[in-house]
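S.K.: Pasting the sequence and the predicted model now:
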Amino acid sequence: MNNLNLLLVDDKEENLIALEALIRRDDFNIFSTTNPNQALKIAWENDISIALLDVQMPEMDGFELAEILKSNLKTKQILIIFVTAISKEAKYAIKGFNTGAIDYLFKPLDPYITTAKVDAFAQLARAQRELINKNNELEKYALEVKNSADIICRVNPKTLQINAVNPAITKILQYHPDSVQGKSLIDLTEDGKASITKYELSQMVSENKTYCVFQDRFKNPDGDILWLECRASKKNELLLLNMSDVTIQKNYTNELIRSRDVAEETKKMKEGFLASMSHEIRTPISGVIALTNTLKNTALSQEQAKTLDLISISSQSLLGIVNDILDLSKIEAGKFSIVRTEIDLPNLVKSVCDLLHHKADEKNLELSYEIAENVASHIFADGLRLNQILMNLLGNALKFTEKGFVKLMVKSIATEDDETTLSFIVEDSGIGMSPGQLEHVFEEFSQADSNITHRYGGTGLGLSITKKLAQLKGGTLNVSSALGKGSQFTFTNKYKIIRKKELKKDNQQDSIIQPFKESINVLMAEDNMINQFAAKHIMQKWNIHLEIAETGSEAIEKYHKGNFDIILMDMYMPEMNGFEATKIIREEMKKSSNRIPIIGLSAVAMEEDIQKARESGVDDIMGKPFEPKELNEMIRKYLNGSK
């Protein structure tokens, strides 16, 4: 295994010595310096994989050094970890991530966390390098196919027609490539439909084989017979054939299969990393949101209430960034689902604008909405995703508007029978965009320029995700803009109209969580102390007796001793996780006639984990963080109104 090169930069020599002692390994080559300019020279001359940069340094701080490294083609792939003793506030973390960092280490360094993170990112660096090497080899293979002296062709597996063939067919079989395009490969054989080629390829398709080797007789236009050895592989609903006695091409085919396996393994590693980060980031955010909701129900001064609102806004903003990253990964993996239900459109539009009014008020902007009279009040749609699209578009408009207005308009473009085409138009008087900037507005991690990123912040994911969501829903998202005059985003989509639906009257009681009529016993498996505290505080007001278990094994023990109406199971806990505990409890329940509902709680939003939770035996699952009302409604649902 080749050693990885690590770069350590800190203005204090003693810090470098301590850090190097922590992470020293036989498979690491460690370069260290107290001078940022020297660090740039080292990075340029050596193939650095991971850089641990001190944030606070004279002359050039860590953020500036990271920006320079990321701006250079030769050093942009370096995985940067900031080592800092400054505040852990979100704004510093976001600034670091915007410069290209992937993680933080906080002084004083925890030896276990430090070595664990460096080990994890070392594995990621090796996987990235392996993937780059394989991609380079595949590009080289494609070039050799074109210039190969052997016949290489692509065949339709159903008709066995030739879709593409390289120029070598002229040299070997004396056919021009264009003359055989669209012809059946079988017609080039001596025995036609009775040929070995017909039999082997048909067997390959019917038995869903991925690879086979055979020899057969082929004829040229003059009737001359040639024996060709054919290596056929099936990939993406196509048959790929290499025809000749060539060992090199066979090796490349095998290498191609191994490259596919490496790519899939790297994908699994990425999904695992995202799931882990989702849990690690969502769990503390869930605690902050839960404690904020708890404090809002206590007696507060005006200043304290305002401070709580700011904490709530900040935590929701951070959660939005995490959700953006996870949503993008789900969309790219094809694991993003659309769920359509009956939607009260005026209520949804009002709710979206109400949620964003505080942002408009902070900047003294006029935020308004207008729904045309011919727009249906109730439609069949994915309310969650429509809400997300409108929130992203309005939030983007508010971010880039310094004065004036932001307006949401809903118009009916066409209506036929029970189907209507609606346009959601978000117009603002903001900074606008030039034609050049408009070309990249929907690209991932893209903003108009670096000055806008520094001034307004953000991940550059919101509009990209919104565009993908619009396409997934079968709609379109367009933009028009003029620099300095504002922008207009238009989301258009078709919806089924729901007739004879009256809007629900506003009922403030709907937002008040009523206690259960009878006391209920709930077992909650949750290892996070903050979430435990918030749950106890909230549930005691609901007439709930709550029993806490901090591990899966403890949850099983308390299940045996107690008489519970429902179980809330965190899926990720130490010692024994929620998946294992749920399986064991379900097996125990089979011995009695009392099947207790189990609701899974998870900060991991990946589809595989949700499916895994359901397979373990949970009745339903709630993603963290969640609102107290959502949990109350979920408990009521599975108690079937019996309490």
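M.R.: Received it, and whenever you're ready, just let me know what you need.

S.K.: Next, count neighbours for residue 237.
M.R.: 8 (other C-beta atoms under 10 Å). For every residue, glycine as well, the C-beta is placed using N, CA and C.

S.K.: Need the pLDDT of it.
M.R.: With respect to pLDDT, residue 237 scores 80.

S.K.: isn't it right up against residue 155?
M.R.: No - counting by C-beta atoms under 8 Å, residue 237 sits too far from residue 155 to count as a contact (11.1 Å).

S.K.: Can you show me the strands along the stretch 351-500 of the chain?
M.R.: In the stretch 351-500 of the chain, the strands defined using DSSP state E, counting those that start in this stretch lie at 366-371, 378-381, 405-416, 419-428, 476-482, 486-497.

S.K.: How many residues are close by the nearest residue to residue 221 once chain neighbours are set aside?
M.R.: Excluding the flanking residues, the one nearest residue 221 by C-beta to C-beta, 6 or more residues apart in numbering is residue 174, at 5.8 Å. Neighbour count for residue 174, taken as other C-beta under 10 Å: 13.

S.K.: average pLDDT for the helix or strand encompassing residue 553?
M.R.: Element membership for residue 553 (DSSP states H and E) is helix 552-561. Helix 552-561 comes out with an average pLDDT of 91.

S.K.: can you pull the buried residues of it?
M.R.: Neighbour-count burial for helix 552-561 flags 552, 553, 554, 555, 556, 558, 559 (criterion: 16 or more other C-beta atoms under 10 Å).

S.K.: what's the fifth one in contact with, if anything?
M.R.: When you say that, I think you mean residue 556. Neighbouring residues of residue 556 by C-beta atoms under 8 Å, 6 or more residues apart in numbering: 576, 581, 584, 585, 588.

S.K.: Go again with 7 Å.
M.R.: 581, 584, 585 (C-beta atoms under 7 Å, 6 or more residues apart in numbering).

S.K.: got the end-to-end distance for stretch 18-35?
M.R.: 17 Å (C-alpha to C-alpha, to the nearest Å).

S.K.: Let me see the mean pLDDT of that stretch.
M.R.: Here the average pLDDT along stretch 18-35 is 90.

S.K.: so what's the spatially closest residue to residue 167 that is not a sequence neighbour up against?
M.R.: Leaving aside its chain neighbours, residue 167 sits nearest to residue 177 (6.0 Å; criterion: C-beta to C-beta, 6+ apart). Contacts of residue 177 were listed using C-beta under 7 Å, 6+ apart, and they are 165, 167, 169, 170.

S.K.: Which one of the residues you listed is nearest to residue 630?
M.R.: Nearest to residue 630 among those is residue 165, at 58.9 Å by C-beta to C-beta.

S.K.: Give me the neighbour count for that closest one.
M.R.: For residue 165, using other C-beta under 10 Å, the count is 25.

S.K.: does the closest residue to it other than its chain neighbours count as helix, strand or coil?
M.R.: Leaving aside its chain neighbours, residue 165 sits nearest to residue 153 (3.9 Å; criterion: C-beta to C-beta, 6+ apart). Each residue gets one of three states, and residue 153 gets strand by DSSP: H, G, I helix; E, B strand; the rest coil.

S.K.: thinking again about what came up before, between the strands of the stretch 351-500 of the chain, which one is nearest to residue 148?
M.R.: Closest approach to residue 148 among the strands of the stretch 351-500 of the chain (C-beta to C-beta): strand 476-482, 43.3 Å.

S.K.: which neighbours does the closest one have in its sheet, and in what orientation?
M.R.: Neighbouring strands of strand 476-482 in its sheet, by DSSP bridges, are strand 486-497 (antiparallel).

S.K.: residues of the partner strand that come out buried?
M.R.: 486, 487, 488, 489, 490, 491, 492, 493, 494, 495, 497.

S.K.: helices and strands of this protein: which one has the lowest mean pLDDT?
M.R.: Every helix and strand in the chain was compared by mean pLDDT, DSSP states H and E; the lowest is helix 450-456, with a mean of 45.

S.K.: picking that back up, quick one, phi psi at the residue nearest to residue 221?
M.R.: phi 60, psi 30 (degrees, to the nearest 10).

S.K.: Quick check: it vs residue 284, distance?
M.R.: 71 Å (C-beta to C-beta, to the nearest Å).

S.K.: now residue 639
M.R.: Counting by C-beta to C-beta - residue 639 and residue 284 are separated by 30 Å.

S.K.: Is residue 522 bridged to anything, and to what?
M.R.: residue 546, residue 566.

S.K.: Check it and give its pLDDT.
M.R.: 93.

S.K.: show me the contacts for it.
M.R.: By C-beta under 7 Å, 6+ apart, the contact set of residue 522 is 539, 544, 546, 564, 565, 566, 568.

S.K.: so the closest residue to residue 553 other than its chain neighbours, which of the three states?
M.R.: Excluding the flanking residues, the one nearest residue 553 by C-beta to C-beta, 6+ apart is residue 576, at 4.6 Å. Classification of residue 576 by three-state DSSP places it in coil.

S.K.: give me the number of residues near residue 576?
M.R.: With other C-beta under 10 Å as criterion, residue 576 counts 16.

S.K.: Can you read off the pLDDT for it?
M.R.: For residue 576, the model assigns a pLDDT of 89.

S.K.: Look at residue 93 and give its secondary structure.
M.R.: Secondary structure, three-state DSSP: residue 93 is helix.

S.K.: Spatially, which residue comes closest to it, not counting chain neighbours?
M.R.: residue 104 (6.4 Å).

S.K.: again with residue 58
M.R.: residue 11 (6.2 Å).

S.K.: okay but the one you found is in contact with residue 59, surely?
M.R.: No - with contact defined as C-beta atoms under 7 Å, residue 11 does not reach residue 59; the gap is 8.6 Å.
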